[in-house]
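In: Pasting the sequence and the predicted model now:
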Amino acid sequence: MHPAPAIAALWLIWLVSWLAAAFWADPAQRRAGLQAELRYRVVTVFGATLLFIPAHGYEGRLRLWIPNPIEAWICVVLIAIGLAFAWWARLHLGRLWSGTVTAKAEHRVVDTGPYGLVRHPIYTGLLLAILATMAAKGTAWGIAGAVLLTIGIVMKARLEERFLRGELGTAYDDYARRMPMLVPFAPARRVWFKAF
């Protein structure tokens, strides 16, 4: 079996289950708003479109490398780990989760489980899966897609940070001082991607 169908199946299962689970969330009390979210959404859509252009069988100039079977299957495992980590974070967050930047009734800082490793573990898991997908594809458009998706995720994470600081005040500031944003065990600093 070639790893490409396994990669597609992992992402498809994740997407369908993620969308289906959207019904298992409390209603939002406040939202950042569509205009605040538009920039990261546009970048993310373009990134996802590029990342998921099929590469199997393509051997032209834009194919920068072709992973051997062992490397490709390692990528499949990393994708599965990343998506499972994102699911763990979502399940741990429970009904406080939202696909958009929102505050729920009784919103609070969650700092246990995967949120005891990073402030945005869903994004951490997705970034691992995205980078492993890019490595398995080895195409210029795969790299461009991964870069755009990374930028979109960081833009959304920074929007969430501003929103949560406004909603939760010093409780979130304290959490942000002691917990890294996206990379587990990294120093907890706020200098990450200031441009976004």
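Out: Sure thing, it's come through.
In: can I assume Ala129 is in contact with Val77?
Out: No. Counting by C-beta atoms under 8 Å, Val77 is not a contact partner of Ala129; they are 10.8 Å apart. Heads up, the C-betas are built off the backbone N, CA and C, glycines and all.
In: Who has more neighbours out of these two?
Out: Higher neighbour count among Ala129 and Val77: Ala129, with 25 against 13, using other C-beta atoms under 10 Å.
In: after the helix or strand that one falls within comes which helix or strand?
Out: Ala129 is part of helix 121-137 when elements are defined by DSSP states H and E. Proceeding N to C from helix 121-137, the next assigned helix or strand is helix 140-168, under DSSP H and E.
In: how about low-confidence regions in this protein?
Out: Within the chain, the stretches with pLDDT under 70 are 189-196.
In: the helices in it, which residues?
Out: Applying DSSP state H to the chain gives helices spanning 3-20, 34-51, 69-93, 121-137, 140-168, 170-178.
In: ok and the fourth one relative to helix 140-168, angle-wise?
Out: Yep, that's helix 121-137 we're talking about. Here helix 121-137 runs at an angle of 180 degrees relative to helix 140-168 (axes from the mean of the first three to the mean of the last three C-alpha atoms, to 10 degrees).
In: List the buried residues for helix 121-137?
Out: By 16 or more other C-beta atoms under 10 Å, the buried positions in helix 121-137 come out as 121-137.
In: Not counting sequence-adjacent ones, nearest residue to the residue most central in space within the chain?
Out: Most central in the chain under C-alpha atoms, centre = their mean is Tyr123, positioned 2.9 Å from the mean C-alpha point. Leaving aside its chain neighbours, Tyr123 sits nearest to Ile153 (4.8 Å; criterion: C-beta to C-beta, 6 or more residues apart in numbering).
In: Please report how far that neighbour lies from His2.
Out: 28 Å (C-beta to C-beta, to the nearest Å).
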